[in-house]
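# Sequence isn't available, so here's the structure alone:
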């Protein structure tokens, strides 16, 4: 007998599950129930349509109900909301939003893909008609209509995550002055502070007002404008975009008695099966396994949702495929800057009480002698001992996507920093250097593990007794004149170190730094091989300048 598979929700997880299910089983009856109008759309592209980067609205519609019917023989029921799930009867209560009619629908196997909803805290004035959140096509249409018809002069974006940053950028493209209000001390929470600081600098250069460390207290209308009251003072604006975060839409699962994880998402096993053997769950509503730590996590990304949908469809129809966890690989464009991350951040590693080491490198996107090379700032997190790669973050312009994908693959493969040094990556002057930035990151990390370099991270400097060290700035004198970090630093250019050894005191400990860490590493090796005690500041001036909040 043919299996009747019902899928609740579309977009990345549900639509992928439906298409995969048909490819697996031509005889199955497949029904998708979705309360919205659009079953499969490019939700990651919504901000770019508002900003007129994407010109045609229809380009965001990945698949229509007609396409699903004609190509996959899948029945799509738009505007049909599931209001209850009776697991004993294997029956759904469904409401047609347009007609108000309620009916029952049975299933043999069920896949739940309800997604996550934007957080709307119970603040005074939160329901004003000038306050928007961006989740779907209707949200996008409403925001774009406001921008085009009312021509706002100023907007406030509440929240500095992916959507918040993308909305700020695209509203700026439309000539709107933007202020970002973020409760944390940084934007882009998946990366660590010193990496986010590059973004802060760039946003300010592009005219974005940053209000970090400020909480929104309320909203009100005054003289025709919306006033956002924050802990740092009022901001008058013409529209507000809420981008505080998302929460899993797991109410149906909770009411049906399915097990819910500690983070509020639907709990599944490695087969995407819930606590009910005939019900699977995928996407933003699901609590996943963090691939690096092995602990529970909520990571709402489109790529994992697609993979989960595919795996759930396979298993619902009799196959046996495992989902091995999510590592949170992400990337975002911020005007001219690109920010990417994969694996665990230092914040997460600290929270999990994990043992780790960190190194910073700054490498060109391609050969320095070839036109157009841009600096990439790379933070690599790895385990002591064997050096297993635990996480990576990159900020730059060109070539960031390629390198983060290499490092994401390394994490998935369980590779070490030693393996990074051996990777044979594509090289030609327009694309890379003979030693790719990933190789360089591996070399620096292995130097630490082998004991060839004792390092201190820039973030540790504020907690160090610097008077116990002799600080040597090994940059050229012209560089030091333009930018000096430590008033008590001795300037000995790296090329002069050997000739100055006789003037140094072997009873002292020397702290070396330069522009990006390379010259100071060379100086460090000269010092220690001549009997001096030394420590090198990883990442040099570039990282010190962003990591040390009080310096």
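It's in. Everything numeric here is computed off the predicted structure, so don't read it as measured data.
# that's a helix at residue 195, yeah?
Yes: going by DSSP: H, G, I helix; E, B strand; the rest coil, the assignment for residue 195 places it inside a helix.
# gap between the nearest residue to it once chain neighbours are set aside and residue 9?
In space, residue 195 comes closest to residue 393 once its chain neighbours are excluded; the distance is 4.7 Å by Cβ to Cβ, 6 or more residues apart in numbering. (Glycine included, C-beta is placed from N, CA and C.) Taking Cβ to Cβ, to the nearest Å as the criterion, residue 393 is separated from residue 9 by 32 Å.
# who has more neighbours, the two?
When residue 393 and residue 9 are compared on other Cβ atoms under 10 Å, the one with more neighbours turns out to be residue 9, at 29 against 26.
# Tell me who's in contact with that one.
Contacts were defined as Cβ atoms under 8 Å, 6 or more residues apart in numbering; by that measure residue 9 touches 32, 33, 34, 112, 113, 114, 115, 283.
# Tell me how many other residues surround the third one.
If I follow you right, that is residue 34. The local packing of residue 34 (other Cβ under 10 Å) involves 25 other residues.
# How about it, nearest residue that isn't a chain neighbour?
With sequence-adjacent residues excluded and distances taken as Cβ to Cβ, 6+ apart, residue 34 is closest to residue 10, at 4.6 Å.
# now the fourth one
If you skip the residues right next to it in sequence, residue 112 has residue 281 as its closest partner in space, 4.4 Å away by Cβ to Cβ, 6+ apart.
# count of neighbours near the one you found?
30.
# one step back: and the contacts of residue 9, which of them are in strands?
Assignment to strands by DSSP state E places the following of these there: 32, 33, 112.
# my guess is residue 477 contacts residue 493, does it?
Yes: Residue 477 is within contact range of residue 493, at 6.7 Å (criterion: Cβ atoms under 8 Å).
# Neighbour count: the two, which is higher?
Between residue 477 and residue 493, counted using other Cβ under 10 Å, residue 493 has the larger neighbour count: 19 against 12.
# Bridging across strands, which residues link to the residue positioned nearest the centre of the chain?
Among the residues of the chain, residue 330 comes closest to the average C-alpha position under Cα atoms, centre = their mean, at 4.2 Å. As for beta bridges, residue 330 partners with residue 341 under DSSP bridges.
# wait, isn't it in contact with residue 301?
Yes: A contact is recorded between residue 330 and residue 301 when judged using Cβ under 8 Å, the distance being 6.3 Å.
# Mind listing what's buried along stretch 529-540?
Within stretch 529-540, the residues that qualify as buried are 532, 534, 535, 536, 537, 538, 539, 540, counting by 16 or more other Cβ atoms under 10 Å.
# Output these as JSON lines; include the columns distance to residue 421.
As requested, the buried residues of stretch 529-540 are arranged in JSON lines below (distance: Cβ to Cβ, whole Å):
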{"residue": "532", "distance to residue 421": "27"}
{"residue": "534", "distance to residue 421": "23"}
{"residue": "535", "distance to residue 421": "23"}
{"residue": "536", "distance to residue 421": "19"}
{"residue": "537", "distance to residue 421": "22"}
{"residue": "538", "distance to residue 421": "17"}
{"residue": "539", "distance to residue 421": "19"}
{"residue": "540", "distance to residue 421": "21"}
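# Most widely separated two among these?
Distance extremes for those: the farthest pair is 532 and 539 at 21.7 Å, using Cβ to Cβ.
# sorry, back to before: let me know the closest of the buried residues of stretch 529-540 to residue 68.
When the buried residues of stretch 529-540 are compared against residue 68 (criterion: Cβ to Cβ), the nearest one is residue 539, at 50.1 Å.
# wait, what's in contact with that closest one?
Going by Cβ under 8 Å, 6+ apart, the list of residues near residue 539 reads 359, 360, 361, 362, 377, 457, 458, 516, 517, 547.
# One more: residue 214?
Contacts of residue 214 by Cβ under 8 Å, 6+ apart are 181, 182, 183, 230, 231, 232.
# pLDDT at it, what is it?
Residue 214 is assigned a pLDDT of 96 by the prediction.
# can you check residue 457 too?
On the pLDDT scale, residue 457 gets 88.
# For it, grab the count of nearby residues.
Around residue 457 there are 19 other residues, counting by other Cβ under 10 Å.
# thought it was touching residue 535?
No: the pair residue 457 and residue 535 fails to qualify as a contact (Cβ under 8 Å) at a distance of 10.8 Å.
# related to what we said a few turns ago, for residue 330 and residue 301, list the residues in contact with both.
When contacts are counted by Cβ under 8 Å, 6+ apart, the set common to residue 330 and residue 301 is empty.
# just to revisit the earlier point, will you turn the buried residues of stretch 529-540 into TSV that also has secondary structure, distance to residue 130 and pLDDT?
Compiled in TSV, these are given as follows (DSSP: H, G, I helix; E, B strand; the rest coil; distance: Cβ to Cβ, whole Å; pLDDT from 0 to 100):
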residue	secondary structure	distance to residue 130	pLDDT
532	coil	64	97
534	strand	58	96
535	strand	54	96
536	strand	52	95
537	strand	48	94
538	coil	46	93
539	coil	43	93
540	helix	46	91
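# Quickly name whichever of those residues is closest to residue 187.
residue 539 (20.4 Å).
# What residues are bridge-paired with the nearest residue in space to that closest one that is not next to it in sequence?
Excluding its sequence neighbours, the residue lying closest to residue 539 (Cβ to Cβ, 6+ apart) is residue 360, at 2.8 Å. Using DSSP bridges, the bridge partners assigned to residue 360 are residue 379.
# can you tell me which residues contact residue 360?
Each residue near residue 360 by Cβ under 8 Å, 6+ apart is listed here: 377, 378, 379, 380, 457, 458, 517, 538, 539, 540, 542, 543.
# Number of residues surrounding residue 488?
For residue 488, the neighbour count with other Cβ under 10 Å is 9.
# measure it to residue 473 for me?
The span separating residue 488 from residue 473 equals 10 Å under the rule Cβ to Cβ.
# Now do the SS call for the closest residue to residue 352 other than its chain neighbours.
The shortest distance from residue 352 to any non-neighbouring residue, by Cβ to Cβ, 6+ apart, is to residue 293 (5.3 Å). When the structure is split into helix, strand and coil by three-state DSSP, residue 293 lands in coil.
# Count the residues that sit near residue 293.
Around residue 293 there are 18 other residues, counting by other Cβ under 10 Å.
# Quick check, it in contact with residue 351.
No: in terms of Cβ under 8 Å, residue 293 does not count as a neighbour of residue 351; the distance is 9.4 Å.
# Residue 397 - how many residues pack around it?
With neighbours defined by other Cβ under 10 Å, the count for residue 397 comes to 15.
# ok now do it, which residues does it touch?
336, 337, 338, 365, 374, 376.
# Out of the residues you listed, which end up buried?
For those, a neighbour count by 16+ other Cβ under 10 Å gives the buried set as 337, 338, 365, 376.
# Which pair of the residues you listed spans the longest distance?
Across these, the two members that end up farthest from each other (Cβ to Cβ) are 337 and 365, 12.6 Å apart.
# joint contacts of these two?
Counting by Cβ under 8 Å, 6+ apart, the residues touching both residue 337 and residue 365 are 396, 397.
# distance of residue 34 from residue 349?
Separation of residue 34 from residue 349 (Cβ to Cβ): 38 Å.
# same question, residue 387
15 Å.
# Just the closest of the contacts of residue 397 to residue 94, please.
Relative to residue 94, the closest of the contacts of residue 397 is residue 338; by Cβ to Cβ it sits at 43.3 Å.
# for that closest one, helix, strand, or coil?
The assignment at residue 338 comes out as strand when based on three-state DSSP.
# What distance do you get for the nearest residue to it once chain neighbours are set aside to residue 310?
For residue 338, the nearest residue in space outside its immediate sequence neighbours is residue 400; the separation is 4.1 Å by Cβ to Cβ, 6+ apart. Using Cβ to Cβ, one gets 27 Å for the distance from residue 400 to residue 310.
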